[in-house]
Structures are given as structure tokens and as C-alpha cells.
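A.B. asks: quick one, what's the 3D model for this:
(2 chains)
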Amino acid sequence: MRRLRQFIFILVAAVAAVAGAPRAEAAKDELVIGITQFPANFNPLIEAMLAKSYILAMATRPITSFDKDWALVCLLCTTLPTIENGLAEIEDLPPDHEGPYKKGVALTVSLHPEARWGDGTPVTSADVVFTWEVGRHPQSGVGNVEGFRRILRIDVQDDKTFTLHVDRLTFDYNSLNGLWLLPAHLEREAFRDPIEYRNRTTFDTDTTNPGLYFGPYRITAVESGSHVVLEPNPTWYGPKPHFKRIVVRAITNTAALEANLRSGAIDYVAGELGLTLDQALAFEKRNRAAFTFLYKAGLVYEHIDLNLDNPILKDRRVRQALLYGIDRETLVAQLFAGRQPVAHSSVNPLDWVVADDIPKYAHDPARAKALLDAAGWSRIEGGVRHNGQGERLALTLMTTAGNRARELVQQVLQSQWRKLGIDVRVRNEPARVFFGQTVSQRRFPAMAMFAWISSPESVPRTTLHSTMIPTQENNFAGQNYTGFKNAQVDALIDQIEVELDRAKRKQLWAELQRIYATELPALPLFFRANPYILPSWLKGVEPTGHQFPSTLRVEAWRAAP
Amino acid sequence: MTRFLTQRLFESVLLLAVMSFVVYGLIGLMPGDPIDILVMSNPELTDEDARRLKALLRLDEPIHARYLAWAGQALTGDFGYSRVHGQPVLTVLGPHLVRTLWLMGIAFVLAVAIAIPVGIIAALRPYSLTDYAVNFFTFAGISIPPFWLALLLIMLFSVQLEWLPAGGVPFRADAGWLDHARHLVLPVLTLTVLSVAGFTRYMRSDMMEALRQDYIRTAWAKGLPQHRVVLNHALRNALIPLVTVIALDFGTLFSGALITETMFAYPGMGKLIYDAIMGNDYNLALVGLLFATLLILVGNLLADLAYGWLDPRISYR
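C.D. replies: As a prediction, the model looks like this:
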């Protein structure tokens, strides 16, 4: 018995000794960021992933991107090529060129003269050509080849200057946001066998190789599934970054993420991949004094897609009644403390093309009832409307199971529609099934609630054009899940894409939004807001609201004295 | 003995082969493949791109053809590449497996080391204050969900007392063993509490049962000291049912590790396998689950061998 007591004593003493060791206080020249995802790989061209973009934006840069005011700016180039400054020239496409476009554009781009990879090798036009070769190769494993395929040819002027010949003249002709350069001097060997490239890329076989990065920081350590360490890159050509070390920690469980923030194990929870809005609002109530809270509504458009093949939803009056019947302002105020703006169409209020003079649907139950009566759903039995044929006004509302915010919204909507005599049945599915099959193959019987992530002035071709309706015949290609067909909308989309005049384009956009808000192929709900929880000493973090992460301006982040 | 081991080895290999097919098939049955999911998150991805990527990853082939191709490669020792990580499966899995084995191993040893003496003490003084206290804590341990216990420990030791880090692994290059140990304390504690409660309950009841046997009465009558009666005569017999429970519990410990790893952001194998399944990373998920199966099989084999050591009357055929 005495030995047993000794054993227990030793055990307790050992735990106390380990626990009692002094806790290293994080210095202000080090920043620990918490996010909820760990990047599975680090090659910027293979498989888009938000966690990867978030980290890579500190270590490398695309040629252009949108700034915090949603304006297109140069990040790696010196001057944005435009038709006005002569760096973009309209050119005829070769006669044998296939496709709907007749004019192309030649963009002359100069890379920053001081841009060098972390091992000292200059960033040159050769890297651009190599990246294009990798990007357009059908077997390289690059996800989005389309942007690379549009480039017909690259003429190298010198080490730092090149001309891209693009196969179409669209309003966003000078946007090179997807062009994240690969270091040819390190990656060429891995690309020798293109089909093996994704398994041999230096970004994954030697992630801490300094030659992979030219941004303000470079990746110096990776603990798979746990964290990534970044330290200043001595070859960076921009303003000197403040922090000696930035650690990005992945904590997938948001409750654990919150606890880590409170314990000081992490300093800052990134809005791009952090707490959900309801969690952040609850956290703010308890910890308002200790942190700075920023809420930025952005391009995540929460809405309900309506299956227009459903006989009930074919009638526009029913669709409008559904929207008049819900009180989105109160819903947003009560559930999200008013942090998420109500959506009136798919265009974000921060986008310059947003139109104000479009139909808006304030909560108006009387009008909703009148519309339903007019549509033939006038007889009420057992609290549910019926039409002349005795059919019930019953609809199914689906969304992702386990998403607490969406399920709360669903309950509110269900109860408000119930008051109009609409029987709404909730049927939720795991995200995997919902997106992998139900939505993508248009198997939802009536309504599907989810979000679209877009970019500034994103033309809704894939979601609204009639050629983009997924069917068995086209192997379920396209994302027009509502089955919306409108010749005027098709024409507007075609026109917007090639209209260079901003004033004219804004008019076209206004017309598109007006039709969208009238026809309502989907019910707009709100634009989701990202909560950023910062320590009070961290300055310079500027949430943008668009899809490009705030880390693209990480060199401006500072610790206040 | 040799025959027994050969037979068990053969059964294990067969089971692993069957498991590999079942797991591969189950992952394949999940709706939507990784490219379908990619299309949803990237509106600019064209149908042509999606088809090209599916062909590149062989996702356009029937599941049995893909499985046979993988199995053929696996027989040569090549378990393929992780689709998501772009690296050989074993390269990805290795560090995660080592971390999970550390976590599970320490928790397991601690659980057994605590449960056996505590169970004996409770059995020796049944219905005493000590026994009631042990019962109370073991029932509490059995009832507490691991994710809640993990959060509770983080709130207490990391947020309130600020004694321990809230999990993860140290990110400083110069981190010593003490720093690594500090990061392990809370995840190990969580897993240990989960296991120790059940083990203690079994130990207590098995020991009480053993202490009621005639041969124990004889031992007491012979005037043997308490420690010899308890440790040499009663414990050895009481351990046989516990060994069975421990062997069966090995799988539970593994699933507990998944929750613990998630809550403490500990980069172990449980979380890796979960992400691989959700990301349709066939090769990684498959090899990871086969490792888990292998661990459970090894646990059961060791239990079978332990029976013979504990009770020489048991023979292997």
C-alpha cells in the first residue's frame, strides 16, 4: 500500500512539475493567428483552398488583385495595363481561332524590378512563361485551367517585361488575379513529367525552400495539420514587415479556437476562416474589453435557390409572395445583430455595379397573401392553402445539416411562411450529400438554401445563363441550379462581359438586377459577414469583404507599442 | 503456439484485405467526388476541366477497377499518393501515426497504471467511503463526453489557471522535451480519464469476484500476508476479464483520439483520416484505416497471448 501511495505521489508531482513550468509570454514581434482549416498542399495552382490562399498571400503575390476598396491594383507588376495607358492593345484574333470572341487583347506587363525569389534568383518573365505552361497543361493537375487557356501566346520582351496575348476582350481584360507565379528554376525539374507534377512539386516536397517565395514573409516551418511558421523574407521589395514571426495555427473546432484565443495561445482569429458570426457575437458580449471586433460583410451571398421545374414555383407570383412573406430585416437584426446586410439581388451593396432602383421586398404579409390568392392558392384548410384542384401549397426547404445559423434561419422562415398558409417541410442533408448530389444534380424538390462566393463584378454566367443548367445530358455541368431560362438575361450576360464602357456596363448590370429581382429565380436573404477578432495591439488589418484574403496586405500589420 | 500465431497472422491478413475493399467501397459510395465539390466552390471551373481532372485522378473509372489497381500497387509496397497532399501516403501518414501512438500509448499506460491499483483499493474496501469516492469518479468519467471534458480542461488549465497550453504542438524550433510534454498533458489527461473510469469499474468488480473464491479463502487461512494474497493470487485471475476489455477498448481509444485530437488541435492520425474521408482522399483514408485496424488486431493478439501468461491452463491450438 505504501508503494502505491508513493507511485501516486510521484505521478501527481510529475504532472505538477510539467504544468508549473513557466509559460512563455508571446512577444509583440510575434503574431499567432488561429484559423479553422489546414492547407492540404501549398502549390498555388493546384486545388484552390482558402487556408492555402490565406497563408500563401503572405509569402507570394498574384500579378494583380483587388485592394480594400475593390479596385484592381498591381501587386507584382509596376503599372496596370489599360487601353488608356497603351499597355493593353486590342488585336484581331487569328482567323482559325474558335470561340465566340472576335477580338483579343495584348497586355504588356512589367514585373517589379526588385522582385526576387527568397534564394536571390530574380522573378522574371521566364517564370511567367513557365507558370503558363504548367497552368494550361491538361495533365498538370491544375484546377482552373480556363484562365491559362485564354492566353494564346506570351512574347518575352526582356527579363522583366512580357506581353500576354489573350483570346478575348472582356471588361476585366487586365485582371491577372489568378496568375500566381511558380519559380521556374525550382519547379522545372518537377514538371518534366507533367502527370507527376502535382506529386513532385517543390511546394509540397520542400515547402520551406526559400526559393519558392518572394513576398514579405516566407514559410520556414510546417507541422502538418498543426501550424505553419512564417518569417520575414529578406528579398522582399516592399515595405519591411513588422513581425519577426507569424504562426498560423489550425484549430478546426471553433469552440476550441475560442478557448485558445481566451487562453492567449493564439492572438488573433482570422475572419476569413474563423468563428461563425453567432459565436463571435456571443464571444464579444463576454470579452468586449479584451479584443477588437471587426465585422465585414462580403461576397458570400446567402440565398434560397428555387427549383423552377416545381409546378408551384413556376408561378412568379408565388415566388414573390414567398419573399414578401419573410421579414429579413428583423431576422438579420435578431439573429445576427444586424451585422449582415439584407440582399436584394446577388450583387453586393459594396460592388460599384449595384443598382438601387430595383424591386425590393420589404416584409408585407398582406401583399404576399394577395399574390397567393391571385395565383389560385386561395382556399385555406387546416391552416394550409389549397388550389382549385385541391392541391396543398406545400414546399420542401433544404439546407446543410449541422449548420446552426442556417437551421435557425430555416426555422424563422418556416414559421413566417406558415402564417401565410404555406406548409414548408424542412429536410436537411450533410453538406457532402447536399452539395455533392442534391444541389449539383438539381434533385431538390423546391427550395435549397446555401451561399455563393463570388468576386467583385462577377458576371453570373454560370448561375443564371440558360446554357448552364445541369442536366444528365451535359453531365451536370453548370451551376444554374434553379433552371432559370430568360433570353433577356442571357443577352445581358453576353453584353456585360464585353462592354468596356463603365457607364454603359453599369446600365446593363442595373437591368440584369432588375430582372433578377422581378423574376426571383432565387430568394435573396443576406450577405454573410466575417468576424475578425484582434488583440487591441494589432493594427493595420483591413478586412476587404471580397474573396482575396486580408493577408495580401500583411506587410502593413503592426503591433502598437 | 507457432500454429496459433500462424493462423492468427493468416486471419489478420485476410481481414485486412476484406477491410481494404469494404473501406474503399464505402468511401466510393459517398455522394459527390472531390471534383464535384471543387466545382461547387469554384464557379469558373468548366465542365471540360472537371472531366479532365476526373480522368487525371481516375475518378471516371468504376470503383472496383480503381480498387484493383490500388491493390495491385499495394502488393508491391506502393500505397500510392495522397490526392490532397500530393505526397506518398506513408510520408503523410508517418508523423501523424507517431504522434497518435505517443498520445494513445501514454494515455493507455497511465489508464492501466491508475485503474488497476484504484480498482484493487475499491475492491478491498467495498462500500466504504473510499469505494464510494472511486465509484463516483468512475461514473463521472464514463458519463462525461470527451469533447466536453476537453473544453473543460482547456478552460480550467489554459484559460483560468494559465498553467498549460491548450493543446497543439510547440511551434518554436528550439522547443525542448518539457515544452512537448506540456502540450501533451491535457490531451493525454482527457484520453486517460475516458479509459481509466471503465477499466477501474471492471478491475473493482473482477477483483471482488476473485476475492470471494475458495482459493483466496485458503490463502488467507494459510496466513499469507495481504499483498501476496491480493497480488499473487487474486489479481492474476482478476486480470483475465480486464485484459479482454482493454483489448476491445483499443478501438474506442482510437476513436476517442479523433475527438481529442480535434479539440486540442493535435495533428494526429485520427484527424488526418477524418479529413481524408471527407476529402475523398482514397489512398490516405484507406491506408490510415488499415493501420487502425492493424492496431486493433495487434491489441487483440496481445490479449490472447496475455491470457496464456495469466492462466497457464489456457493453451493455444
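
A.B. asks: can you tell me the closest non-neighbouring residue to B:Met30?
C.D. replies: A:Arg432 (6.3 Å; Cβ to Cβ, 6 or more residues apart in numbering or on different chains). In short, each C-beta sits where N, CA and C put it, glycine included.

A.B. asks: interface residues of the stretch 301-450 of chain A facing chain B?
C.D. replies: A:432-433, A:435-437, A:439-440 (Cβ under 8 Å from any Cβ of the partner chain).

A.B. asks: between those residues, which is nearest B:Met207?
C.D. replies: Closest to B:Met207 out of these is A:Arg432 (47.2 Å), distances taken as Cβ to Cβ.

A.B. asks: just checking, the residue nearest to B:Met30 touches B:Asp33?
C.D. replies: No: look at A:Arg432 against B:Asp33 with Cβ atoms under 8 Å: they stay out of range, at 10.6 Å.

A.B. asks: tell me where the stretch 1-150 of chain A has helices.
C.D. replies: A:2-19, A:50-59, A:125-136, A:146-149 (DSSP state H, counting those that start in this stretch).

A.B. asks: worst mean pLDDT among those?
C.D. replies: Here the helices of the stretch 1-150 of chain A differ in mean pLDDT, and the lowest is helix A:2-19 at a mean of 51.

A.B. asks: nearest spatial neighbour of the residue of the stretch 151-300 of chain B found nearest chain A, skipping sequence neighbours?
C.D. replies: Residue nearest to chain A within the stretch 151-300 of chain B: B:Pro267 (3.2 Å; Cβ to the nearest Cβ). Of all residues not flanking B:Pro267 in the chain, A:Gly225 sits nearest, at 3.2 Å (Cβ to Cβ, 6+ apart).

A.B. asks: tell me the contacts of that neighbour?
C.D. replies: A:38, A:250, B:96, B:267-268, B:271-272, B:275 (Cβ atoms under 8 Å, 6 or more residues apart in numbering or on different chains).

A.B. asks: which one of those is nearest to B:Asp311?
C.D. replies: B:Gly268 (35.4 Å).

A.B. asks: and for the closest one, the neighbour number?
C.D. replies: For B:Gly268, the neighbour count with other Cβ atoms under 10 Å in any protein chain shown is 27.

A.B. asks: next: B:Ile120.
C.D. replies: Residues near B:Ile120, counting by other Cβ under 10 Å: 22.

A.B. asks: I'd like the distance between it and B:Phe199.
C.D. replies: 12 Å (Cβ to Cβ, to the nearest Å).

A.B. asks: same thing with A:Leu331?
C.D. replies: 50 Å.

A.B. asks: domain assignment for chain A?
C.D. replies: Here the domain assignment for chain A is A:25-61+A:187-297+A:529-559, A:64-184, A:299-528, based on automatic domain parsing.

A.B. asks: quick check: which of these is nearest to B:Gly80?
C.D. replies: That would be domain A:25-61+A:187-297+A:529-559 among the domains of chain A, by Cβ to Cβ, at 9.6 Å.

A.B. asks: residue 117: neighbour count?
C.D. replies: Answering for chain A, as no chain was given. Using other Cβ under 10 Å: A:Trp117 sits among 25 other residues.

A.B. asks: I was thinking of chain B, sorry if that wasn't clear
C.D. replies: 18.

A.B. asks: just the element for it, please.
C.D. replies: Taking DSSP states H and E as the definition, B:Pro117 sits inside helix B:89-124.

A.B. asks: any idea which helix or strand comes after that helix?
C.D. replies: helix B:129-143.

A.B. asks: where's A:Ala451, which helix or strand?
C.D. replies: With DSSP H and E as criterion, A:Ala451 is part of strand A:447-453.

A.B. asks: send the alpha carbons of that strand over as PDB?
C.D. replies: The C-alpha trace of strand A:447-453 is given here as PDB (Å, rounded to 0.1, in the frame of the first residue of the first chain):
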ATOM      1  CA  MET A 447     -36.000  25.200 -52.200                       C
ATOM      2  CA  ALA A 448     -32.300  24.900 -51.400                       C
ATOM      3  CA  MET A 449     -30.600  27.300 -49.000                       C
ATOM      4  CA  PHE A 450     -26.900  27.900 -49.400                       C
ATOM      5  CA  ALA A 451     -24.400  30.500 -50.300                       C
ATOM      6  CA  TRP A 452     -22.500  31.600 -53.400                       C
ATOM      7  CA  ILE A 453     -19.000  33.000 -53.100                       C
END
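
A.B. asks: quick one: the next helix or strand after it to chain centroid distance?
C.D. replies: Downstream of strand A:447-453, the first helix or strand assigned by DSSP H and E is helix A:461-464. Put simply, helix A:461-464 sits 17 Å off its chain's centre (Cα atoms, centre = their mean, to the nearest Å).

A.B. asks: again, but for stretch A:83-102
C.D. replies: 30 Å.

A.B. asks: and stretch B:78-91, by the same measure?
C.D. replies: Using Cα atoms, centre = their mean, the offset of stretch B:78-91 from its chain centre is 23 Å.

A.B. asks: and residue 71, what pLDDT?
C.D. replies: Assuming you mean chain A. pLDDT for A:Ala71: 92.

A.B. asks: chain B is the one I meant
C.D. replies: The model's pLDDT for B:Ala71 equals 86.

A.B. asks: ditto for B:Leu290
C.D. replies: So, for B:Leu290, pLDDT stands at 86.

A.B. asks: before we move on, what about A:Glu381?
C.D. replies: At A:Glu381, pLDDT is 93.

A.B. asks: give me the number of residues near it?
C.D. replies: 10.

A.B. asks: now it: how far from A:Lys285?
C.D. replies: Taken as Cβ to Cβ, the span from A:Glu381 to A:Lys285 is 45 Å.

A.B. asks: on that earlier part again, please work out which of the domains of chain A is packed deepest.
C.D. replies: Of all the domains of chain A, domain A:25-61+A:187-297+A:529-559 carries the top mean neighbour count, a mean of 20, counting by mean count of other Cβ atoms under 10 Å in any protein chain shown.

A.B. asks: is chain A within reach of stretch B:149-158?
C.D. replies: Yes: using Cβ under 8 Å from any Cβ, stretch B:149-158 reaches chain A at B:150-151, B:154-155, B:157-158.

A.B. asks: done for today, thanks.
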